[in-house]
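> have a look; sequence and predicted model below, questions after that.
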Amino acid sequence: MAIQTHFNNFDKAIYLTGQSPGYKNAKEKDDSILNDLKTRFKEEGYPVVDTFLQGSFSVNTAINNLDGDYDIDRALVIDEGSAPEDPVKLKGVALEVLTKRSFKNPKVKKPCVTADYLSINLHIDYTIYTRDSSGNYKLAVGKLGSSVENKEWSPTDPKGLMDWINDTSNYGQSALNKRKQYKRLVRYMKRWRDVNFNEQSRKKLFSIGLTIMIKEQYQPDYFSDVEDDLVVLEKVVRKMLNAGYIKLAGSIDQPLYRVSVNLPKSPYRNVFQHKVGNQSWSGSDTNIGTLFRNKLTNLLRKLEEANNETDEIKQCEILNKVFGDDFKIPNSSGNKGTGSVAGLAAAYFPTAGASGTSQGA
C-alpha cells in the first residue's frame, strides 16, 4: 500500500462537507436563522438580495474540528442604493435576531456579527455587504458605539477571493486533480495546526492565512501529472519557510518573528495585522510568529524524514505524530490499524494485557 493511500484515508477522516454526518443539524439551524434575518432586514427596509457561504465551506477546505464544533461563515448582501449610511446599523439588527435565538453571547465585531449556538456545537459569523450595479462589494466595518472614523463601508472582493482560491489556470495537465491536491494540502495543514498548537495560538493562526500561503507556494509542474501528497507537501512547506512570510522582528541574539500574509484581492490587507493599544503592527504578534516558524521548521524535518523512510509503517508512525490520530498507522498485514504507536504495538501483540491485568484497568 503506497503512502498516498494513507493520505487519502487521512483526508477522508478529516474532510468536512455539507453531507458529513453531524452537519445536518448545523445546516438546519443556518437555514432557519437566515430566514429570520431576511425577514427582519426586509422589515427595516434593507432586503437581502443575495447570500452565500464564505470561508472553508465555500472552497471545500473545511475539516472536522477536534472539539466537534461546526463553523459557518455566512454573507448577507443588500443593494448599495438602499444601504444605511451607518454600516453598523444592520449589524445591530442582526444582533437582535441572534439574541432572540438560542445563542450564547452574540457579539458585533469589527468585520462581522458572531455567535455560538447553545444546544449544538455551532459557531456562525454573519458578514454584511452592499453590492452595486457593477457587482462591486463593500463590507460593513465597525462595532456598536464605534466613532464615525472607525466605521465604514469598505471596498472588498469576497467572491474574487474564492475565485482566486479555485483558479487552475497555472496548473496545466490534470488541472482539476491538482486543484484537489492543493485543497487536500490545506486540510492537512489545518489539522496540523489544530494538533500542534494550543487553543489560544491556533485561533491566531488563521485558516485564510494558511490557505493563501499554500496556494501561492503550490507550484506543480505544468506538463506533469499529480505527484504524491507527501512529496508535494514537503516542497510546499519548504517554500513557505523561504518565501518571506516569516520576518525577523527581534535581534539575531534574541530572534523573534512575525508572520505576514496579504490578501490577493481587495482590500489586500495583511491577514495577520494586529493592534496593541493604539499601535498597529504589520503582521502577527511575535509569539505566534515565532511559534509558527519553529513548528513549521519541525514539520519540514518530519516530512523529510518520512520521505526518506522506505518502510511504510515507519512513515505512518512519523506522520501520525505530525497530524494526530486520524492519520492511522497500519498493522504489519497492511490493514488500516490504529491511530497511535501504542495501538500499533497492540496490533503486533494482540494478546497484550489479556493476562495479569483486569479488564479496564
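Everything's here; your move.

> residue 263: neighbour count?
Number of residues near residue 263 (other Cβ atoms under 10 Å) recorded here: 18. Backbone N, C-alpha and C define where each C-beta goes, glycine included.

> brain fart, residue 285
Other residues close to residue 285 by other Cβ under 10 Å number 17.

> any idea of the pLDDT on it?
According to the prediction, residue 285 has pLDDT 93.

> for residue 161, same thing?
At residue 161, pLDDT is 98.

> and it, what is it in contact with?
Shown in contact with residue 161 (Cβ atoms under 8 Å, 6 or more residues apart in numbering): 263, 264, 265.

> contact partners for the last one?
Right, residue 265. 156, 157, 160, 161, 164.

> for it, helix, strand, or coil?
What DSSP: H, G, I helix; E, B strand; the rest coil gives for residue 265 is coil.

> what's the closest of the contacts of residue 265 to residue 258?
residue 161 (22.6 Å; Cβ to Cβ).

> separation between that closest one and residue 55?
To residue 55, residue 161 is 10 Å away according to Cβ to Cβ, to the nearest Å.

> for residue 243, same thing?
24 Å.

> more crowded one of these two?
Between residue 243 and residue 55, counting by other Cβ under 10 Å, residue 55 is the more crowded of the two (20 against 13).

> and the residue lying closest to residue 109 once chain neighbours are set aside, how many neighbours does it have?
Nearest residue to residue 109, sequence neighbours excluded (Cβ to Cβ, 6 or more residues apart in numbering): residue 143, at 6.7 Å. Neighbour count for residue 143, taken as other Cβ under 10 Å: 15.

> got it, and residue 300?
Residue 300: 17 surrounding residues under other Cβ under 10 Å.

> where along the stretch 51-200 of the chain do the helices fall?
Taking DSSP state H, counting those that start in this stretch as the criterion, the stretch 51-200 of the chain carries its helices at 55-58, 88-100, 158-166, 175-196, 199-204.

> of these, which is nearest residue 315?
Nearest of the helices of the stretch 51-200 of the chain to residue 315, taken as Cβ to Cβ: helix 175-196 at 14.6 Å.

> quick one, what contacts residue 260?
Neighbour list for residue 260: 245, 246, 247, 270, 272, 282, 283, 284 [criterion: Cβ under 8 Å, 6+ apart].

> picking up where we left off before, save the helices of the stretch 51-200 of the chain as TSV, and put in distance to residue 40 too.
Output for those, formatted as TSV (distance: least, Cβ to Cβ, whole Å):
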stretch	distance to residue 40
helix 55-58	23
helix 88-100	5
helix 158-166	22
helix 175-196	34
helix 199-204	30
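
> and of the ones you listed, who's closest to residue 214?
Closest to residue 214 of the helices of the stretch 51-200 of the chain is helix 175-196 (Cβ to Cβ; 5.4 Å).

> elements contacting that closest one?
Packed against helix 175-196 by the contact rule (3 or more Cβ pairs under 8 Å, 6 or more residues apart in numbering; DSSP states H and E) you find helix 3-14, helix 207-217, helix 229-242, helix 286-308, helix 312-323.

> need the ones you listed in a markdown table with distance to residue 133, can you?
Shown next, in a markdown table, are the helices and strands packed on helix 175-196 (distance: least, Cβ to Cβ, whole Å):
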| stretch | distance to residue 133 |
| --- | --- |
| helix 3-14 | 42 |
| helix 207-217 | 28 |
| helix 229-242 | 40 |
| helix 286-308 | 41 |
| helix 312-323 | 47 |
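
> so residue 49 sits in a helix?
No: using three-state DSSP, the secondary structure at residue 49 is strand, not a helix.

> where does pLDDT dip in the stretch 251-361 of the chain?
276-280, 332-361 (pLDDT under 70).
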